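Chemist: Structure of the sequence below:
(one chain, ligands or ions: 1)
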Amino acid sequence: MDQSKLTVIQKNTSPEYPDSLLFIGNTWREAQDGARLPVVNPATGHHIGSVAKASATDVDESLIHAQQGFQVWSRTPASARSEVLDRAAHLLRARAPEIARLMTLEQGKPLAESLTEVLSAAQTIAYFSQEGPRIAGRVVQARLSNTQQLVVKEPVGVVAAFTPWNFPVNQAARKVAAALTVGCSIILKAAEETPASPSELVRAFADAGLPKGVIGLLFGNPADISHQLISSPLVQKVTFTGSTPVGKQLAALAGQHMKRVSMELGGHAPVIVAEDADIERAADTCLLAKFRNAGQVCIAPSRFLVHSSIEKAFTSALCARIQQIHIGDGLSPASTMGPLTNQRRVTAMQSFVDDAVRKGATWVAGAKVDDFGGYFFAPHVFTDVPLSAKLFNEEPFGPIVAIRTFNRLQEAIQESNRLPYGLASYLFTENLNTLHQVSQDIQAGMLWVNQAAKSAPEMPFGGQKDSGYGSEGGMEALDAYLNTKAVSVYFQPKD
Ligand code: NAD
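Modeler: Below is the predicted model:
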């Protein structure tokens, strides 16, 4: 690929960025000891603000408020809860342009992507506002006369939710909306790197009339806060989105305290491009799915398995499209790919590239990191990637395409299932047999066929194997926040 064709846009970073606070007992406030953490704009590497860093006392207070909030909210009629969620969705929509600007400043993605994320979070909240009132138990036929057997669904209690920096609003909205609609209260520990946009999500719920304590927001030392929340007897449910190693630690801790858990963890999505695939469509779709959010997406395509008869055509179609990507500050309207969110990702990307080159992969496209400044990293494409390369074993979580060929469909399926991950998967084919075989044999929580990943609120979203368990979409998402109670009643009939 001709490197000179990669377009780099002029930087255009607005300095207007608010410092973020904790939200405890319906009050926005500093940490008790006044501690703060810096926030950096990834497009420039400059500090743009700061976020309050909760102390153990702040966490304890948020727990007490959440418990009190639960007493009120769980007894609020589902229809009234639904109205609050609807108002929050409405407020989020109305405030979307400003929230999107904050998100781009702290996270880096292009403004259009930030706006889509906020509007999609509003859609998720609106969806769950409708589903909450539909929760129903059962009346089960009894074995004895004068007996009634009821199956009752109840909210689990206080939820501790941990969300990452890649989709700072949407990852939180899924957890918050599902928990709130069934009557749980929730303490959200959002990512310290991207605090302002999830703060606006919480503000929308507070402004919508959520009673005191029903939602709390903390930032601080993730390990300290998660340990304190998960160990607390007041918390009944833990939900985490992030990396598999951290997810395993938190699930183990939750296990010690017998807490309900949902884990939405890393993936390494296989993309099978079969010999009969529509190559132009596959290239268009992979471009969108792979480079959205600079590849920092748990469901982004990452192991490309392309039939050997079409590999050259597919690779050149994809590279031609990559040349149209405009890399730059997300605030510039012309940018179609922003920087990575932090320096850790840049270092990680470089190590994937170095390892692939060392192991003999063919470098088809790419450019040096230094060319861009900030935390920018150009798209890279490798073909003939050996199975031993890091790129085919660890989740890249960035804008690197790794391609291998296959000849028989079984080979591609076997390779897809080789890793311990099982989150997203993709298939491009026009053949019905191929479609059914892959959908039956693939070990993944989600399969997208001839289309880019879309996390529709009404569809389950979650993984298998090391990618976690539990679902964050559809009716399945609500089960995660509900207890089932069996009530069996004998009654004495009166004359
Ligand atoms: P990391 O593992 O340090 O952190 C991932 C997320 O977990 C962050 O939001 C962080 O604040 C949080 N976290 C870390 N330790 C925690 C703890 N003890 N308790 C509670 N929360 C904790 O990794 P990172 O450098 O931020 O990101 C790297 C990897 O994380 C990526 O390669 C990717 O695999 C994964 N990740 C996945 C998602 C996702 O959507 N599933 C999102 C972000 C990151």
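Chemist: going forward, measure contacts and count neighbours with C-alpha atoms only.
Modeler: Fine.
Chemist: Assign a three-state SS to Gly69, would you?
Modeler: helix (DSSP: H, G, I helix; E, B strand; the rest coil).
Chemist: can you pull the contacts of it?
Modeler: Gly69 makes contacts with Ser185, Pro211, Lys212, Gly213, Val214, Ile215, as judged by Cα atoms under 8 Å, 6 or more residues apart in numbering.
Chemist: try 10 Å
Modeler: 25, 63, 157-158, 183-186, 210-216 (Cα atoms under 10 Å, 6 or more residues apart in numbering).
Chemist: Please report how far Leu439 lies from Ala277.
Modeler: One thing to correct before we go on: residue 439 is Ser, not Leu. Per Cα to Cα, to the nearest Å, Ser439 is found 16 Å from Ala277.
Chemist: cool, Ala112 as well?
Modeler: For Ala112, the distance to Ala277 equals 30 Å [Cα to Cα].
Chemist: Remind me what the helix or strand that contains Ala289 packs against, helices and strands.
Modeler: Using DSSP states H and E, Ala289 sits within helix 279-291. Applying 3 or more Cα pairs under 10 Å, 6 or more residues apart in numbering; DSSP states H and E, we find helix 279-291 packed against strand 269-273, strand 301-307, helix 311-322, strand 400-406, strand 424-428.
Chemist: count of neighbours near the nearest residue to Leu210 once chain neighbours are set aside?
Modeler: Spatial nearest neighbour of Leu210, excluding adjacent residues (Cα to Cα, 6 or more residues apart in numbering): Val84 at 6.5 Å. Other residues near Val84 come to 22 when the count uses other Cα atoms under 10 Å.
Chemist: pLDDT on the helix or strand harbouring Val84, on average?
Modeler: Element membership for Val84 (DSSP H and E) is helix 78-107. Mean pLDDT, helix 78-107: 98.
Chemist: can you check stretch 235-252 too?
Modeler: 98.
Chemist: Between the two ends of it, how far is it?
Modeler: For stretch 235-252, the end-to-end distance is 15 Å (Cα to Cα).
Chemist: Next, see if it gets close to the ligand.
Modeler: Yes - against the ligand, stretch 235-252 shows contacts by Cα under 6 Å from any ligand atom at Thr241, Gly242, Ser243, Val246.
Chemist: Tell me the one of these nearest Gly267?
Modeler: Ser243 (8.8 Å; Cα to Cα).
Chemist: tell me the centre residue of the chain?
Modeler: Gln171 (4.4 Å; Cα atoms, centre = their mean).
Chemist: now that residue: how far from the ligand?
Modeler: As for Gln171, its distance to the ligand is 8 Å (criterion: Cα to the nearest ligand atom, to the nearest Å).
Chemist: so who does that residue touch?
Modeler: Gln171 neighbours (Cα under 10 Å, 6+ apart): 117, 121, 161-165, 190, 198, 240-242, 264, 472.
Chemist: Which ones among the residues you listed lie within helices?
Modeler: Members of those lying in helices (criterion: DSSP state H): Glu117, Ala121, Pro198.
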